[in-house]
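Undergrad: no FASTA, just this:
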């Protein structure tokens, strides 16, 4: 579209299979307080992790297409499962910047490791996809990746059971093989895990040493989105945005199904009351 | 089919969305050692719990239809999600006895409760479906049902983390509201939970009193299948079967996808090595 107006003031689009991606919105809000954000959670079809790549890509195209219809200037794929399979296809079909969570996490890990051994905690599906191992190998062929599926962490985060003996014991169980492998960086490769950041970091420091780096992919991707928008002069309010002169941005929530515990769950991941969600059909 | 031979020697068909239903096979093996069993786990499409009722019914018809093509004499629906929505339709379409897990569990609970208060531990989807509350109300309108979603129990069972502090603390957390409500019967309404029977029973006795009844739906449905076959003279080897004169039955496993950890997971639920599974397309 030649001659189209600069789209600085358009919102950022973020989507995920469910509400876990609100941890990415929370990190984006912190990094980019002036941006408007439209979040789409495909709560009717969650989880994507058990579905095949072709189905996941089809669902992702539906979500991303809806965000395009809302006039977003870029799309952040908050879902690890989608980020593992769909971004190349989304970029081709949408003609719009598409940022996933896996490459930013892998790049940050590659920059942080001193021993070239990186651990990844994620769902069984993400580990089995090998996406982090591939992305890390693309950063440096010297890096060895140790993936560890951590099935208890999602239900713990969803229940808000993030303190005390149970999450600590679960974290210890999943960190043990990474400690044995001698990694010095651990990627939290699931949108739910930032809620367990403190307990994982505490246990990791005890087991892997005080210098271990814990990378939560929500924070890492938010940092990458911020540089991306800044470099392309796409910040809302232009350069003013960086000085905090623009008004604070708004967050709008779209869901394909309103789960019973929506308010409570959304607030947990977002870190604040979420307000009403609009239900849409895809 | 007038004049068809009695089908005593035909196998029992059992299906589930995944491998959790092997706990029902284990209970059937114990109750009916002479029966042949064909088990179908729809591992390619697991979990059903997040899918809509129409989709679940369609998948269930596919699974049950395949079992019919293998010549089974009756079908046991080991999956709580399917048992909540599909049995009436299956009975109409298949013209074959179809037994679900929910009604037997509810009937056993209604018979056991002295205070007319029954607790149900199950997945969030099964609790939200209200299927146990409806089935218990059908047994007696005096019964109050207290459902408690227990999201950590499935990953704990799948990981084989069934002893020690973590499963005990998880059990205590989920039993607390049931203790507060004063139930004297707890239904374990998920195929995975029999693996956690010991820890749940121990914590329940401590919290709800030594006379609490814990009903695992796998054992309850196996007992109901045994009476059903006996009453209709459908036991393998006929009356001889009851005397143990017939040879031990065989178990055959069909799956729609062979998960990486199939051997280990299947053995955990079945309680013995499962042998090779045949992969089928539905």
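TA: Arrived safely. Bear in mind that the values here come from a model prediction, so they are computed numbers and not experimental data.
Undergrad: Next, the closest residue to residue A:49 other than its chain neighbours: secondary structure please.
TA: In space, not counting the residues next to it along the chain, residue A:49 is nearest to residue A:125; the distance is 3.7 Å by C-beta to C-beta, 6 or more residues apart in numbering or on different chains. Quick note: C-beta positions are derived from backbone N, CA and C, even for glycine. Remark: residue A:125 carries the secondary structure label helix [criterion: DSSP: H, G, I helix; E, B strand; the rest coil].
Undergrad: which residues sit in contact with residue A:125?
TA: Applying C-beta atoms under 8 Å, 6 or more residues apart in numbering or on different chains, one finds that residue A:125 lies in contact with A:49, A:50, A:81.
Undergrad: Also residue A:190?
TA: Under the criterion of C-beta under 8 Å, 6+ apart, the neighbours of residue A:190 are A:20, A:80, A:121, A:122, A:123, A:126, A:150, A:153, A:154, A:217.
Undergrad: Tell me the spacing between the residue nearest to residue A:49 and chain B.
TA: 11 Å (C-beta to the nearest C-beta, to the nearest Å).
Undergrad: hmm, back to that, so which of the contacts of residue A:190 are in helices?
TA: Secondary structure assignment (DSSP state H) places A:80, A:126, A:153, A:154, A:217 from the contacts of residue A:190 within helices.
Undergrad: Return a PyMOL selection command for the buried portion of the residues you listed.
TA: Restricted to the buried members of those, where burial is judged by 16 or more other C-beta atoms under 10 Å in any protein chain shown, the PyMOL selection command reads as follows:
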select buried, chain A and resi 80+126+153+154+217
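Undergrad: For the stretch 1-150 of chain A, which residues are neighbours of chain B?
TA: Proximity of the stretch 1-150 of chain A to chain B (C-beta under 8 Å from any C-beta of the partner chain) is limited to residues A:45, A:46, A:47, A:50, A:128.
Undergrad: elements contacting the strand or helix carrying residue A:226?
TA: Secondary-structure assignment from DSSP states H and E places residue A:226 in helix A:217-231. For helix A:217-231, the elements it packs on are helix A:22-31, strand A:74-77, strand A:98-99, helix A:102-112, judged by 3 or more C-beta pairs under 8 Å, 6 or more residues apart in numbering or on different chains; DSSP states H and E.
Undergrad: okay, residue A:124: pLDDT?
TA: Looking at residue A:124, its pLDDT stands at 85.
Undergrad: cool, the one 10 residues further on as well?
TA: You'll see residue A:134 listed with a pLDDT of 96.
Undergrad: So residue A:186 lies in a strand, does it not?
TA: Yes. Secondary structure assignment (three-state DSSP) places residue A:186 inside a strand.
Undergrad: so it bridges to which residues?
TA: residue A:119, residue A:214 (DSSP bridges).
Undergrad: which residue packs closest to residue A:10, ignoring adjacent ones?
TA: The spatial neighbour of residue A:10 that comes closest, neighbours along the chain excluded (C-beta to C-beta, 6+ apart), is residue A:73 at 3.9 Å.
Undergrad: Could you measure from that neighbour over to chain B?
TA: The spacing between residue A:73 and chain B, counted by C-beta to the nearest C-beta, is 32 Å.
Undergrad: That residue: neighbour count?
TA: Residue A:73: 20 surrounding residues under other C-beta atoms under 10 Å in any protein chain shown.
Undergrad: which element follows the helix or strand bottoming out on mean pLDDT in chain A toward the C-terminus?
TA: Per-element confidence for chain A was summarised using mean pLDDT, DSSP states H and E. The lowest value among helices and strands belongs to helix A:239-242, with a mean of 49. Towards the C-terminus, the helix or strand next in line after helix A:239-242, according to DSSP H and E, is strand A:251-255.
Undergrad: tell me the average confidence for that following strand?
TA: Computed over strand A:251-255, the mean pLDDT rounds to 95.
Undergrad: Summarise which helices and strands the very next helix or strand once past that strand is packed against.
TA: Moving toward the C-terminus from strand A:251-255, the next helix or strand (DSSP H and E) is helix A:262-270. Secondary-structure packing of helix A:262-270 (3+ C-beta pairs under 8 Å, 6+ apart): helix A:22-31, helix A:153-159, strand A:251-255.
Undergrad: who wins for proximity to residue B:205 among the ones you listed?
TA: Of all the helices and strands packed on helix A:262-270, helix A:153-159 sits nearest to residue B:205, with 24.2 Å by C-beta to C-beta.
Undergrad: anything in the next helix-or-strand element following the closest one near chain B?
TA: Per DSSP H and E, helix A:153-159 leads on to helix A:165-181 as the next helix or strand towards the C-terminus. Yes. Between helix A:165-181 and chain B, judged by C-beta under 8 Å from any C-beta, the touching residues are A:165, A:166, A:169, A:170, A:173.
Undergrad: Please look at the third one and residue B:166 and confirm they touch.
TA: Yep, that's residue A:169 we're talking about. Yes. Counting by C-beta atoms under 8 Å, residue A:169 sits close enough to residue B:166 to count as a contact (5.0 Å).
Undergrad: Now do the domain split for chain A, please.
TA: Taking automatic domain parsing as the reference, chain A has its domains at A:12-101+A:219-279, A:102-217.
Undergrad: thinking again about what came up before, quick one: which of the contacts of residue A:190 is nearest to chain B?
TA: Comparing the contacts of residue A:190 against chain B with C-beta to the nearest C-beta picks out residue A:154 as the nearest, at 8.0 Å.
Undergrad: and the gap between the closest one and residue B:165?
TA: Summarising the geometry, the distance separating residue A:154 from residue B:165, computed by C-beta to C-beta, to the nearest Å, is 20 Å.
Undergrad: same thing with residue A:191?
TA: According to C-beta to C-beta, residue A:191 stands 28 Å off from residue B:165.
Undergrad: Have a look at these two and say which one is more surrounded.
TA: residue A:191 (31 against 10).
Undergrad: Can you tell me the SS state at the more buried one?
TA: Residue A:191 falls in the coil class when you classify it by three-state DSSP.
Undergrad: The closest residue to residue A:166 other than its chain neighbours: how many residues sit nearby?
TA: Sequence neighbours aside, residue B:169 is the residue nearest to residue A:166 in space, at 5.0 Å (criterion: C-beta to C-beta, 6+ apart). The local packing count at residue B:169 equals 18, with neighbours defined by other C-beta under 10 Å.
Undergrad: can you list contacts of the helix holding residue A:226?
TA: Here helix A:217-231 makes contact (C-beta under 8 Å, 6+ apart) with A:12, A:23-24, A:26-28, A:30-32, A:35, A:74, A:76, A:78, A:80, A:97, A:99-102, A:104-105, A:107-108, A:187-191, A:194, A:234-235, A:242.
Undergrad: what angle do it and helix A:102-112 make?
TA: For helix A:217-231 and helix A:102-112, the angle between their directions (axes from the mean of the first three to the mean of the last three C-alpha atoms, to 10 degrees) works out to 100 degrees.
Undergrad: buried residues in helix A:217-231?
TA: By neighbour count, with 16+ other C-beta under 10 Å as the criterion, the buried positions of helix A:217-231 are A:217, A:218, A:219, A:220, A:221, A:222, A:223, A:224, A:225, A:226, A:228, A:229.
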